[in-house]
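Trainee: How does the following fold in three dimensions:
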Amino acid sequence: MFQMEIGVTLLSDFGRKVSASYDVLWENFAGTGGDSSYRAAFVIDKGGVIQYSEVTENPGVMPNFEAIQTTLAKI
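Mentor: Below you'll find the predicted structure:
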């Protein structure tokens, strides 16, 4: 099993409702006919304002955790 010590809350979007809402739904993922989500990271402040967003179209590329941590430290 792949495990990382990230230290922030992550969202598992099994139903892909959040992915669709944030426009990061990858329809027909890799030609399989199924939907998945792009690898994406969002930092949303207590007021509901998106302070950071990143979407990678390559599922092998992780979000920039340093940039996320920097954003979190500012809010």
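
Trainee: looking at this, Ala67 is in a helix?
Mentor: Yes: applying DSSP: H, G, I helix; E, B strand; the rest coil, one finds Ala67 inside a helix.

Trainee: where does the closest residue in space to it that isn't next to it in sequence land on pLDDT?
Mentor: Distances taken as CB to CB, 6 or more residues apart in numbering place Tyr52 nearest to Ala67, at 6.7 Å, with adjacent residues excluded. All C-beta spots, glycine's among them, are computed from the backbone N, C-alpha and C. With respect to pLDDT, Tyr52 scores 97.

Trainee: you'd agree Tyr52 is in a helix?
Mentor: No: Tyr52 is assigned strand when assessed by three-state DSSP, not a helix.

Trainee: Any idea what it is bridged to?
Mentor: Counting by DSSP bridges, Tyr52 forms beta bridges with Val43.

Trainee: Quickly note the distance from Val55 to Gly15.
Mentor: To Gly15, Val55 is 19 Å away according to CB to CB, to the nearest Å.

Trainee: follow-up on the earlier one: let me see the contact set for the residue nearest to Ala67.
Mentor: Residues near Tyr52 by CB atoms under 8 Å, 6 or more residues apart in numbering: Ala41, Phe42, Val43, Ala67, Ile68, Thr71.

Trainee: repeat that with 10 Å
Mentor: When contacts are counted by CB atoms under 10 Å, 6 or more residues apart in numbering, Tyr52 touches 41-45, 63-64, 67-68, 70-72, 74-75.

Trainee: Please say which of Val55 and Gly15 ends up with more neighbours.
Mentor: Val55 (15 against 8; other CB atoms under 10 Å).

Trainee: So the more buried one sits against Ser37, correct?
Mentor: Yes: using CB atoms under 10 Å, Val55 is in contact with Ser37, at 9.5 Å.
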